[in-house]
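# any chance you could fold what I've pasted below:
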Amino acid sequence: MIQVSDDIQAVKQLQETHQKLKKEIQKIIIGQDQVIDEVITALFSKGHCLLIGVPGLAKTLLVTTIAKALGLKYNRIQFTPDLMPSDIVGSEILDDSRKFKFI
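Below is the predicted model of the structure:
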């Protein structure tokens, strides 16, 4: 029974945190409730988001606002047709001693 009680408390805390974060974001971002909910869900589930849209939809503003609300560092990456994932996160190469080295 203790586990169920702990789970219920965890869900309540998650809901409260979601609402607090959403209210903080909505101070800056207006009219994008679905996008805000989806980005918060991705963050809480340790997922990833790719925000795509024409200029002027507040994509960058949304991300900077979330970063500020959570006390996180923000960096922007401008995608190009030839950009590879390894350009962003790095890659492992085989060095002279036949061991993988992350660069």
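# for residue 88, which non-adjacent residue is closest in space?
Nearest residue to residue 88 in three dimensions, chain neighbours excluded: residue 77, at 6.1 Å (C-beta to C-beta, 6 or more residues apart in numbering). C-beta here means a position set from N, CA and C on the backbone, and glycine is covered the same way.
# now stretch 51-65, how far from the centre of its chain.
The chain centre lies 13 Å from the centre of stretch 51-65; the measure is C-alpha atoms, centre = their mean, to the nearest Å.
# quick check: end-to-end length of that stretch?
Start-to-end span of stretch 51-65 (C-alpha to C-alpha, to the nearest Å) is 14 Å.
# now do stretch 42-57
19 Å.
# for the strand or helix carrying residue 40, packing partners?
Using DSSP states H and E, the element containing residue 40 is helix 33-44. Helices and strands touching helix 33-44, by 3 or more C-beta pairs under 8 Å, 6 or more residues apart in numbering; DSSP states H and E, are helix 2-26, helix 59-70.
# could you check how far the residue nearest to residue 88 is from residue 37?
Distance of residue 77 to residue 37, computed by C-beta to C-beta, to the nearest Å: 24 Å.
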